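Student: here is my input, please return the structure:
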Amino acid sequence: MLRELCRRWSNHQTMVRLLSRFFNYLDRYYVTRHGYRSLKDVGALCFRDLVYSAVARDARDAILAMVKKEREGEPIDRSLVKQALQIFVDIGVGDLDAYQSDFEVYLVTDTSMFYKTKASEWVAKDGLPEYLVKAEECLHREHERVGHYLHPSSEPRLLETVEAELLSRNESALLEKEQSGCAALLQDDKVQDLARLFRMFQRVPNGLLAITAIFRKHVEKEGMELLKEADQAASERKEGKKDVCGVVEQNLIKGIIALHDKYAAYVKDCFSITGVYNLSDTLPPPSATPPGPHGPTSLFHKALKEAFETVCNKSVCGNTMAEMLAAYCDNILKKGGSEKLNDEEVEVLLEKVVKLLAYVADKDLFAEFYRKRLARRLLFDKCLHEDHERSLLSKLKQQCGGQFTSKMEGMVTDLQLAREHDTGFADFLAAREKPLDIDMSATVLTSGFWPSYKFVELALPAEMAQGIEAFKEFYSGFTKHRKLTWIYTLGVCHVNVCFDGKRTYELVLTGALQAALLMLFNDEDRLSYEEIKERLGLPEDELKRSLHSLSCSKYKILLKDGDPKKIGSEDTFSVNTSFSDKFRRIKVPLPAMDGEKRKVVEEVDKDRRYAIDAAIVRTMKSRKMVPHQQLVLEVVQQLNRMFRPDFKVIKKRIEDLIAREYLERDKENPNVFHYLA
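Tutor: Just a heads-up that it's a prediction; the model follows:
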């Protein structure tokens with residue numbers, strides 16, 4: 001029937017063309033002038049009324065039957081179908097009304113029924129990967145079918161119908177399959193299948209929302225497992241090491257970095273239209289508008305961000321992620337760290353650490369812990385490479401702003417100036433008539449940049465006091481408006497010790513306290529605790545700490561009476577003349593101070609109070625009158641980049657500012673505040 005219809009339509013078109021030539025003049029001038037239809041259009045309308053109207057239904061059914069046969073895998077005469085469908089297009093005389101109403105509507109209905117049946121069969125017997133392969137193949141075949149014989153205008157509706165039946169209606173059942181669902185694909189690292197999953201469901205309106213929820217939940221679950229394993233390992237450590245970010249915490253940070261790299265690569269390569277696993281996609285883009293400024297990929301970026309924000313704001317055995325990241329950076333950047341990396345690897349790792357820091361809420365806590373460790377590296381010459389220090393500060397500045405790194409940059413600059421002062425001081429000493437009895441260099445620090453250090457009074461030995469006076473004289477030549485405060489607990493002292501007149505050791509001591517203490521024994525064989533305290537003028541806690549490092553630790557430079565593990569006020573000390581060690585250069589560290597971490601947290605809390613006060617006053621000064629709820633929200637918004645302020649603390653700061661007469665409550669509405677100039 002289709003062949004006969006196509007033959008007669010062809011004959012009709014031939015006759016119309018011949019008549020058009022005979023009546024060319026009438027068609028071009030008379031018909032145009034009087035607004036009549038052209039001979040070609042009249043011929044098409046005659047065919048529609050006399051032939052098409054009688055056979056259109058049968059022709060449509062025949063075409064749909066052939067389309068179904070092709071979908072089932074049987075061969076058909078595509079050229080015949082194309083010719084028959086062209087009749088539906090041409091009969092509309094310039095529009096597609098006949099094609100759409102007489103054929104396309106029925107094609108879409110048949111397509112929906114066909115794929116609804118197929119989908120129910122495939123969902124029951126296939127896993128998600130196999131199902132997606134079949135669904136993608138069906139979409140490609142429908143796309144090719146349009147190219148072979150359907151009108152191009154049918155493609156959007158046709159593909160939308162296939163997507164609705166194969167994907168939308170069965171999304172929940174497919175994604176939640178126990179052995180092959182989305183979570184299983186993520187667990188088994190099936191990157192090709194995940195990319196196909198993204199390609200298919202990004203074609204469906206809101207099709208990616210369920211996938212991103214599963215993705216976020218899976219990433220969060222893996223991150224929490226890392227934290228749980230680290231917490232268990234940390235709890236097995238000795239009680240005395242709980243405040244130290246050790247191997248467990250270092251391994252945890254490595255694991256979180258590896259986890260972030262893995263799933264960031266998934267977002268880039270699998271869950272992106274331009275990902276390496278999606279470049280071969282030949283289907284036309286989906287008709288649905290992709291969500292977000294960067295298309296559907298932005299949903300996965302958001303899910304990854306939310307998952308890592310949850311993971312990176314948990315504590316492990318009392319250590320916050322901010323503290324552990326600072327310790328990890330210190331391990332990378334200091335001499336003698338456990339990480340043996342080349343320059344390029346260090347830069348890559350620092351970049352990854354800064355990416356993780358973006359998820360940490362308490363960035364100010366990281367800054368303070370990192371500043372403490374940076375100070376230690378700079379002052380004790382532990383920096384692996386100064387370029388790496390500057391590189392990390394540059395990355396942190398880009399991520400968190402200039403205010404975040406201003407103090408740290410000032411610390412690095414201080415060390416540069418200190419090198420210049422060293423050279424100048426050496427020239428100054430060379431020009432003096434009387435040389436110093438000791439070799440000495442001093443580092444001048446700007447107090448506003450560096451962590452606050454406790455000032456300790458110390459009666460220095462004559463040799464050390466002579467060096468300090470010389471440096472004061474040298475430095476006064478630069479400026480007379482700065483006051484030098486000497487921090488004797490910092491720095492390094494190298495002391496040569498001869499125990500029995502034969503063996504000489506070089507002791508590397510932390511700060512001047514240990515050195516000053518040992519130099520007392522140049523003139524005395526034995527000294528009591530009270531005598532040492534009187535001669536040095538040290539506070540008891542610092543004196544006991546120094547004596548403990550020299551008489552109770554690994555290297556017993558001094559011998560003592562009484563309890564060998566504790567320093568008592570009745571103890572007497574003497575030089576250990578029988579001391580021996582296989583190394584001639586020995587480092588004698590001071591015992592770690594208790595509560596150092598607590599002090600850092602207290603300092604951060606204090607700075608936060610100032611920051612909240614400043615944000616409140618800044619907001620009130622610009623608005624003059626603000627309701628309580630709006631004021632709190634604006635303060636949180638201003639400070640959220642550095643830390644998450646507690647609403648209770650904000651309320652307390654508002655009350656404090658009212659007491660200090662910066663603000664006042666409205667007399668009629670106590671929930672409204674006025675700024676007092």
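Student: can you give me the pLDDT of Ser287?
Tutor: On the pLDDT scale, Ser287 is placed at 61.
Student: got it, and Leu283?
Tutor: 76.
Student: next, the buried residues of stretch 502-512.
Tutor: Judged by neighbour count (16 or more other C-beta atoms under 10 Å), stretch 502-512 contains these buried residues: 505, 507, 509-512. (Glycine included, C-beta is placed from N, CA and C.)
Student: scratch that, stretch 447-462
Tutor: 449-451, 456, 458, 460-461.
Student: now that stretch, how far from the chain's geometric center?
Tutor: 39 Å (C-alpha atoms, centre = their mean, to the nearest Å).
Student: now it: average pLDDT?
Tutor: Computed over stretch 447-462, the average pLDDT equals 86.
Student: list the contacts of the host helix or strand of Thr310.
Tutor: In this structure, Thr310 sits in helix 297-311 according to DSSP states H and E. Helix 297-311 is contacted by residues 208-209, 212-213, 215-217, 219-220, 223-224, 226-227, 256, 260, 263-264, 266-267, 271-273, 291-292, 294, 356, 359, 361 when judged by C-beta atoms under 8 Å, 6 or more residues apart in numbering.
Student: quick one: the buried residues of stretch 447-462 as a markdown table, columns for distance to Leu490 too.
Tutor: Shown next, in a markdown table, are the buried residues of stretch 447-462 (distance: C-beta to C-beta, whole Å):
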| residue | distance to Leu490 |
| --- | --- |
| Phe449 | 14 |
| Trp450 | 10 |
| Pro451 | 10 |
| Val456 | 10 |
| Leu458 | 12 |
| Leu460 | 15 |
| Pro461 | 18 |
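Student: in strands only, show me these.
Tutor: Members of those lying in strands (criterion: DSSP state E): none.
Student: go through these and flag which are in helices.
Tutor: Per DSSP state H, helices hold no members of those.
Student: of all the residues you listed, which comes closest to Gly337?
Tutor: Pro451 (20.8 Å; C-beta to C-beta).
Student: touching, that closest one and Phe369? I think so.
Tutor: No. Under the criterion of C-beta atoms under 8 Å, Pro451 makes no contact with Phe369, lying 10.2 Å away.
Student: which two among the buried residues of stretch 447-462 are spaced furthest apart?
Tutor: It's Phe449 and Pro461 that sit farthest apart of these, by C-beta to C-beta, at 30.3 Å.
Student: about what we covered before: now the buried residues of stretch 502-512 as TSV including pLDDT and secondary structure?
Tutor: Below are these laid out as TSV (pLDDT from 0 to 100; DSSP: H, G, I helix; E, B strand; the rest coil):
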residue	pLDDT	secondary structure
Tyr505	86	strand
Leu507	89	strand
Leu509	88	strand
Thr510	84	strand
Gly511	81	coil
Ala512	87	helix
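Student: which of those sits closest to Ser168?
Tutor: Thr510 (68.5 Å).
Student: pretty sure the closest one sits against Met593.
Tutor: No. Using C-beta under 8 Å, Thr510 is not in contact with Met593, being 11.6 Å away.
Student: what about stretch 605-613, distance to the chain center?
Tutor: 26 Å.
Student: distance to Leu543 added to the buried residues of stretch 502-512, as CSV?
Tutor: As requested, the buried residues of stretch 502-512 are exported to CSV (distance: C-beta to C-beta, whole Å):
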residue, distance to Leu543
Tyr505, 23
Leu507, 18
Leu509, 15
Thr510, 15
Gly511, 13
Ala512, 13
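Student: which of those sits closest to Lys134?
Tutor: Closest to Lys134, out of all of the buried residues of stretch 502-512 and judged by C-beta to C-beta, is Thr510, at 70.5 Å.
Student: list the contacts for Ser153?
Tutor: If you count contacts by C-beta under 8 Å, 6+ apart, then Ser153 has 96, 99-100, 104 around it.
Student: what kind of secondary structure is it in?
Tutor: Look at Ser153: counting by DSSP: H, G, I helix; E, B strand; the rest coil, its state is helix.
Student: distance of it relative to Ala84?
Tutor: Distance, Ser153 to Ala84, using C-beta to C-beta, to the nearest Å: 17 Å.
Student: again with Ala515
Tutor: For Ala515 relative to Ala84 (C-beta to C-beta), the value is 103 Å.
Student: per-residue pLDDT, the closest residue to Gly275 other than its chain neighbours?
Tutor: In space, and not counting its chain neighbours, Gly275 is closest to Asp269: 4.4 Å by C-beta to C-beta, 6 or more residues apart in numbering. For Asp269, the model assigns a pLDDT of 90.
Student: where exactly do the helices run in the stretch 301-450 of the chain?
Tutor: For the stretch 301-450 of the chain, the helices defined by DSSP state H, counting those that start in this stretch occupy 321-333, 343-357, 363-379, 386-400, 402-431.
Student: count of neighbours near the closest residue to Met15 other than its chain neighbours?
Tutor: Distances taken as C-beta to C-beta, 6+ apart place Gly43 nearest to Met15, at 7.5 Å, with adjacent residues excluded. Using other C-beta atoms under 10 Å, the number of residues around Gly43 comes to 19.
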